[in-house]
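**Q** Sequence first, then the predicted structure, then my questions.
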Amino acid sequence: MKDESIESNKFLCGDCPTRWNSTYETLKRVVDLRSIFFKYEEDDTNYERELSREPGARAPGHDDFGVAERMVNFLEKFKDTTESVSASTKPLAHLFFSELLDIDTHLRQWACDVGYCDMVSSMRTKFDKYWGKLDELNDYMYFTVLLDPTMKKDFMRHCFKSIVTNNMDQDVPLSKYEIDKKVSDMVDGVETRMEGLFKRYEGMIGKVGHNSGSQESQSKENVDKRLGKNSFVSKWRSVEENSSSASESELVRYLCEPKLNWSKSFDILKWWKQNKERFPSVARMVRGKLLTFSLYLNFKLL
């Protein structure tokens, strides 16, 4: 390694048949240290003879390292995704849906490769067994996407559009209008079901906030005094407030706000902590779903 000017603390490791990621690690290290193999071949006359002892075995050539490097590129996506969804120190539930779609896209791309199509086909079968119907997953997986202020319905539309486009009959393709209509119906369906869950959380907040009613009443009385008991203004305010609360729930207000621009430093829990006064019931959903559902999915995927 010193002769080849390679600075690394890595050593070759054996492949473990019960751990697929060991295959990635083995091949990655072999590819990174390929020049060392060629250096051994030049300097050690016993190198090729030692590696050719077993029937069918031989010293690796340039083509072999090319094959290994391509396999590393294929497996790297699974390695990165596994590490991403296995973290235990941060909420991850809002990312699972996008990770599944990323794997789905990765398999579709490699299915077109002649050298990988058979292997990808068997992997696709197993993937579809658990996650194939990406438009029929547990609703909580969709809800957590909507609860991410950097994604919301914009990203949900993008996800469903990808699913509809990939799964439609290519012999009878849908028009752009039909795709958009189907996607819109799917997103609306998720939002409607989420509204049902929201109402339960809203009921919990209502019970907690019952004791604050006297404070609100006192505040209203102070406003009335300041306006000189102006019945005309009071009637207008009453109608306006009732109309607003009836037509727009807290959840709808949150979803209708423009999504935030994502950055590496964005902390979803910190954002909700800062905005829990604006969306108390939705924030309660976040505390419940982004944390407990993350733990559930981590357990299920490992």
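**A** Okay, I see it. Numbering: from 1, shown residues only.

**Q** Which parts of the chain are strands?
**A** Applying DSSP state E to the chain gives no strands.

**Q** and it, what are its domains?
**A** Residue ranges for the domains of the chain, per automatic domain parsing: 1-83, 86-301.

**Q** Pipe those into CSV and attach mean pLDDT per row.
**A** Listed next are these as CSV, based on pLDDT from 0 to 100:
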stretch, mean pLDDT
domain 1-83, 78
domain 86-301, 81
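
**Q** now those domains in CSV, with mean neighbour count?
**A** C-beta here means a position set from N, CA and C on the backbone, and glycine is covered the same way. Below are the domains of the chain laid out as CSV (neighbours: other C-beta atoms under 10 Å):
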stretch, mean neighbour count
domain 1-83, 13
domain 86-301, 14
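
**Q** residue nearest the centroid of this protein?
**A** Closest to where the C-alpha atoms of the chain average out (C-alpha atoms, centre = their mean) is residue 95, at 2.2 Å.

**Q** For residue 58, see how far away residue 50 is.
**A** As judged by C-beta to C-beta, to the nearest Å, residue 50 and residue 58 stand 11 Å apart.

**Q** same question, residue 34
**A** Distance of residue 34 to residue 58, given as C-beta to C-beta: 16 Å.

**Q** go on, residue 79?
**A** Counting by C-beta to C-beta - residue 79 and residue 58 are separated by 28 Å.

**Q** try residue 118
**A** Distance, residue 118 to residue 58, using C-beta to C-beta: 24 Å.

**Q** now residue 133
**A** Between residue 133 and residue 58 the computed distance is 46 Å (C-beta to C-beta).

**Q** What of residue 129?
**A** Distance from residue 129 to residue 58, counting by C-beta to C-beta: 38 Å.

**Q** Can you name the residues that contact the residue nearest to residue 99 when sequence neighbours are not counted?
**A** Nearest residue to residue 99 in three dimensions, chain neighbours excluded: residue 81, at 5.3 Å (C-beta to C-beta, 6 or more residues apart in numbering). Counting by C-beta atoms under 8 Å, 6 or more residues apart in numbering, residue 81 touches 99, 102-103.

**Q** Of the residues you listed, which is the nearest to residue 25?
**A** Nearest to residue 25 among the contacts of residue 81: residue 103, at 19.4 Å, using C-beta to C-beta.

**Q** That closest one against residue 74, yeah?
**A** No. Using C-beta atoms under 8 Å, residue 103 is not in contact with residue 74, being 12.0 Å away.

**Q** Just the helices from the protein, written as ranges.
**A** 20-32, 34-43, 47-51, 62-85, 93-110, 117-131, 139-146, 152-167, 176-208, 213-226, 231-247, 250-256, 268-275, 280-301 (DSSP state H).

**Q** Is it possible to get TSV of those helices that adds distance to residue 262?
**A** Shown next, in TSV, are the helices of the chain (distance: least, C-beta to C-beta, whole Å):
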stretch	distance to residue 262
helix 20-32	28
helix 34-43	37
helix 47-51	49
helix 62-85	15
helix 93-110	11
helix 117-131	24
helix 139-146	13
helix 152-167	10
helix 176-208	20
helix 213-226	37
helix 231-247	30
helix 250-256	17
helix 268-275	10
helix 280-301	16
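
**Q** Contacts only, for residue 100.
**A** Counted by C-beta under 8 Å, 6+ apart, residue 100 has contacts 131, 134, 137.

**Q** Kindly provide the distance from the last one to residue 93.
**A** Translated: residue 137. Note on residue 137: its distance to residue 93, by C-beta to C-beta, is 12 Å.

**Q** Repeat that for the first one.
**A** With distances defined as C-beta to C-beta, the gap from residue 131 to residue 93 amounts to 15 Å.

**Q** Residue 110 too?
**A** Taken as C-beta to C-beta, the span from residue 110 to residue 93 is 27 Å.

**Q** Please apply the same query to residue 150.
**A** Distance of residue 150 to residue 93, given as C-beta to C-beta: 14 Å.

**Q** can you check residue 154 too?
**A** For residue 154 relative to residue 93 (C-beta to C-beta), the value is 18 Å.

**Q** So what touches stretch 48-68?
**A** By C-beta under 8 Å, 6+ apart, the residues outside stretch 48-68 that reach it are 27, 30-31, 34, 37, 41, 47.

**Q** can you list those residues in a markdown table and add distance to residue 277?
**A** Converted to a markdown table, these look like this (distance: C-beta to C-beta, whole Å):
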| residue | distance to residue 277 |
| --- | --- |
| 27 | 52 |
| 30 | 56 |
| 31 | 53 |
| 34 | 58 |
| 37 | 62 |
| 41 | 69 |
| 47 | 70 |
